[in-house]
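> Model the following, please.
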Amino acid sequence: MLSTRKVKALGLAALVCVLLYFIVTELTSPNDIVDNIIGSRNAEGEQEFIGKVDDRVASSIGSIGDDDDDDRINGDDDQPKVPEKKPVPSLPQAEETLPSRKWCGVENTPQTRIKYIKTHKTGSSTLTNIFHRYGESNGLNMALPRDNLFYAYARPDTPSILRSVEHIGNKNFPYDIMASGHGIYSRDALEQVVPGGAYITILRHPYKHFTSSWSHWHVYEHIQHNGGPELSPYEFLDNIEKYKKFLTRSDEMLLLNNMAFDLGLQTPSLEGARKLIEDMDEHFAVVLITEYMMESLILMKRRLCWSIRDVLHVSLKVSSQHKEMAVKDHPSLKVIDTLNFADMMLYEHFNQSLWRQIEQEKKHGGFDEEVAELRDQLKIYTQKCSQFKNHDEDAHRVELEENEMLTEENRLCHLMMLDSKGFVKHLKKRDGYDIEKLECYAASYNKKMLHLVTDNPADDQVSNLFSLNPALTNVLAFEDTTSSGEVIADGLLPRPPKFIHRKSNAEAFSIRGLTYNRDFMNSFHPNMMYLSTFRHPVQEFLDAWTRLKVEEMMRAADPSIDNALDAYLDNPQHWHKTLSRKGFNLERHLTNRIGYRMGVPLNPTKDEMAYALTHIWHFTHILIAEHPIASLVMLRRTMCWRLDDVVKVDLDMWNKATSFEIASFTSRPPNVVEKELLSINDVDFELHRRARDVFHLKTKKQFRARDGSIQKEARCFFEFL
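Numbering: from 1, shown residues only. The predicted model follows:
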């Protein structure tokens, strides 16, 4: 029997439903707008959903009608606040009994067959790492994606999903674990990859999911690129009909009902969401909730008959960017209740289901104690592994694959901190995968890049590679050298171009005269790889000295000088002033030329210098003129190009960039002159040193590899060149 209080509550709920029904059916304008946003659905279904959820939806309709990292998985003060919800539903539910180890292996042994549906921006990379480590430590057969990232995402058809799995050596279907990449939930296909076992996925509150996706996928940049204004997510939500037209197709897929999409609901509808929930209730061992990760993991551990060590982890891809997302309780977020209604239905159902299952587990004892133990272990290993926090994918892999003295504890740290793509490469290498394909930085042949041209013989060869690459023919933008009619004298730093030739589909940019400005360059195309060539400041100076014919200018000004460079070093400022003229500043064109290209002024402040030094780390690949072979090998691997794409370099021309001998320019000891030149080119000295450090850090990890793959590739370069 229901209590009087519950009867009244149900009556009130019914009244709200009737009122909302009247609002939705009579006020057609808001309803039409909602239909346009979330797709075509039957009116009855939509009204029923609006009647089902709480009163936030009523205000959501009003807002729409007005027409105006990797993320934190254990609570995030920088994210929108989620409305408080009691875990136990208000309406009576059929009591769930504790599953009799339904999802464990035979006779309650640990489950070793896993199909993990990796949703976007939910803390899913942390779970992928858990499954990778479990598979590796137990010698299981892992279904690894060909491109290291996707199981044919976002195609749900069986042939595409099956083709996306890389069969290495004699491995083939069936596999034990499929958890390495994003793919669409399609049971017909997934059962052919991993028969039986357990399905697992993770959901996040749609408010947090939306704002996290907005920043991570740079939706605001795409809107601007397509002609829209600069927007916050809240401004977008306040004016959806006005701004939705500026979204790309990918934006819509990743922003609107994306969790439901990943779980197979290609076109969101109320009936489709209901059927999906029924299907998942039947076939999923556990649906984790990001906001309650510790409790979710202990529930999963129990469902699969695993140990606490099996679900130990450190948080991966934790995002701390875009602090504008820190606004709490923003009213615009309520629009998401209706906009992403399918995601909201999934989240609310499985959040409640999670807590019902937890309450049942607690009746059997020890649940809270296991959660506390997992939290304690997480703190311990977060501290232990913090020494490796600056390691990237390559650094972790070198330690795991090459360090014979690695302790078990440190090995666990490196494994826990290895991201999805890095772990897939680690597993593929273990299985004997083709090393040339394995070491690509990109998932496939990459064309999206910006080459910061540095105007030296080595960099000229890099520019030639881009212009000769047939794959870049239709997407490469270049400067118009004829629009001004101006001829730039040899050695002068080229001025910024007045016009850039670019097609609407331009993705690659190699433009002389541009100085580094990240915000401006990002406006060309989102998510580009940044590349540039650096050479030693002394070589840079002597090349400019020669091309600018500084010695001739000095002798014309003072025929009595003996050695021009020696005279210059005795009083640089005098010669800068004497030889400069209107429109020509000798100091600017002769000294700290690397700094000029990096956007550093002649006399930078400490902050301006720190900015430039920091941004060198942001380059995807830096080439060093003094190391042509290693630079080109790493360029190929970074861009995932073929060997043929980079062997077109004229190595003799490249080497002219570093062919200047100090002794040929001075009568003084070369080592003394070198120090003086580095002092004059102090900005270039700091920038080149940082670029060299970044280059060596990235290359040494691969050159240390004992399989000798990069050395073999280097020898191939020598043979071709």
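> Flag the shaky bits of the chain, pLDDT-wise.
Confidence mapping of the chain against pLDDT under 70 gives the ranges 1-101, 316-329, 435-437, 439-445, 473-489, 498-504, 526, 701-713, 716-721.
> Got the phi and psi for the nearest residue to residue 569 once chain neighbours are set aside?
With C-beta to C-beta, 6 or more residues apart in numbering as the criterion, residue 569 has its nearest non-adjacent residue at 5.1 Å, and that residue is residue 676. Placement of C-beta: from N, CA and C, glycine included. Here is the backbone geometry of residue 676 (degrees, to the nearest 10): phi -70, psi -40.
> Report the separation between residue 676 and residue 553.
Residue 676 sits 20 Å away from residue 553, taking C-beta to C-beta, to the nearest Å as the criterion.
> before we move on, the earlier item: please report the distance of the residue nearest to residue 569 from residue 591.
Counting by C-beta to C-beta, the separation of residue 676 from residue 591 is 12 Å.
> So between the two, which is more surrounded?
In this comparison of residue 676 against residue 591, neighbours counted by other C-beta atoms under 10 Å, the higher total goes to residue 591 at 23 against 18.
> so that one touches residue 681, yeah?
Yes - with contact defined as C-beta atoms under 8 Å, residue 591 reaches residue 681; the gap is 5.4 Å.
> Please enumerate the shared neighbours of these two.
Contact with both residue 591 and residue 681 is made by residues residue 541, according to C-beta atoms under 8 Å, 6 or more residues apart in numbering.
> which phi and psi does the most far-flung residue of the chain relative to its centre have?
In terms of distance from the mean C-alpha position of the chain, residue 560 ranks first, at 60.8 Å (C-alpha atoms, centre = their mean). Here is the backbone geometry of residue 560 (degrees, to the nearest 10): phi -80, psi -10.
> How much space separates residue 370 from residue 311?
Residue 370 sits 10 Å away from residue 311, going by C-beta to C-beta.
> Pull up the overlap in contacts between the two.
298, 301.
> more crowded one of those two?
Neighbour comparison, residue 370 and residue 311: the larger count goes to residue 311, with 25 against 20 (by other C-beta under 10 Å).
> how deep is the nearest residue to that one once chain neighbours are set aside tucked in, by neighbour count?
Ranked by C-beta to C-beta, 6+ apart and with sequence neighbours excluded, the top spatial neighbour of residue 311 is residue 297, at 4.4 Å. Close neighbours of residue 297, defined as other C-beta under 10 Å, add up to 25.
> In this structure residue 297 contacts residue 288, no?
Yes - counting by C-beta under 8 Å, residue 297 touches residue 288, with 7.1 Å between them.
> Show residues contacting stretch 580-594.
454, 491-493, 534, 537, 540-541, 544-545, 548, 550, 572, 575-576, 579, 596, 600, 602, 680-684, 687-688.
> what's the span of it from first residue to last?
Taking C-alpha to C-alpha, to the nearest Å as the measure, stretch 580-594 stretches 20 Å from start to finish.
> buried set for that stretch?
Residues 586, 587, 588, 589, 590, 591, 592, 593, 594 are the ones in stretch 580-594 that count as buried (16 or more other C-beta atoms under 10 Å).
> by contact count, what packs against the helix or strand that contains residue 351?
Assigned by DSSP states H and E, residue 351 belongs to helix 341-362. Contact here means 3 or more C-beta pairs under 8 Å, 6 or more residues apart in numbering; DSSP states H and E; on that basis helix 341-362 packs against strand 198-203, helix 206-216, helix 258-262, helix 270-283, strand 284-289, helix 293-303, helix 367-385.
> how about the ones you listed, which one is nearest residue 141?
Shortest separation from residue 141 across those is recorded for strand 198-203, at 15.9 Å, computed as C-beta to C-beta.
> what angle sits between the closest one and helix 341-362?
Following axes from the mean of the first three to the mean of the last three C-alpha atoms, to 10 degrees, one obtains 120 degrees for the angle between strand 198-203 and helix 341-362.
> Export strand 198-203 to CSV, keeping only CA atoms.
Coordinates of each C-alpha in strand 198-203 appear next as CSV, following Å, rounded to 0.1, in the frame of the first residue of the first chain:
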residue,chain,number,x,y,z
ALA,A,198,30.5,-8.9,-20.1
TYR,A,199,29.5,-5.5,-21.7
ILE,A,200,30.6,-2.4,-19.8
THR,A,201,30.3,1.3,-20.4
ILE,A,202,30.4,4.6,-18.5
LEU,A,203,28.1,7.6,-18.5
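> Pull up the pairing partners for it, direction included.
Within its sheet, strand 198-203 is paired with strand 114-117 (parallel), strand 284-289 (parallel), according to DSSP bridges.
> Reformat those strands as CSV; add mean neighbour count and distance to residue 618.
Output for those, formatted as CSV (neighbours: other C-beta atoms under 10 Å; distance: least, C-beta to C-beta, whole Å):
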stretch, mean neighbour count, distance to residue 618
strand 114-117, 25, 32
strand 284-289, 23, 33
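> Minimum distance to residue 406: which of these has it?
It is, among the strands paired with strand 198-203 and with distance given as C-beta to C-beta, strand 114-117, at 26.9 Å.
> Can you give the distance from the closest one to the centre of its chain?
Averaging C-alpha positions (C-alpha atoms, centre = their mean, to the nearest Å) puts strand 114-117 22 Å from its chain's average.
> swap in stretch 552-559?
Using C-alpha atoms, centre = their mean, we find the averaged C-alpha position of stretch 552-559 to lie 55 Å away from the chain's own average C-alpha position.
> mind listing which of the contacts of stretch 580-594 are in helices?
Under the assignment DSSP state H, the contacts of stretch 580-594 contribute 537, 540-541, 544-545, 550, 572, 575-576, 579, 596, 680, 682-684, 687-688 to helices.
> From those residues, list just the buried residues.
Buried members of the ones in helices among the contacts of stretch 580-594, counted by 16+ other C-beta under 10 Å: 537, 540-541, 544-545, 550, 572, 575-576, 579, 596, 680, 683-684, 687-688.
> Would you tell me which one of those comes nearest to residue 349?
Looking across these and measuring by C-beta to C-beta, the closest to residue 349 is residue 687, at 55.0 Å.
> list the contacts for that closest one?
Applying C-beta under 8 Å, 6+ apart as the definition, the contact partners of residue 687 turn out to be 534, 594, 595, 598, 600, 612, 613, 616.
> where's it relative to residue 529, distance?
Using C-beta to C-beta, we find residue 687 at a distance of 20 Å from residue 529.
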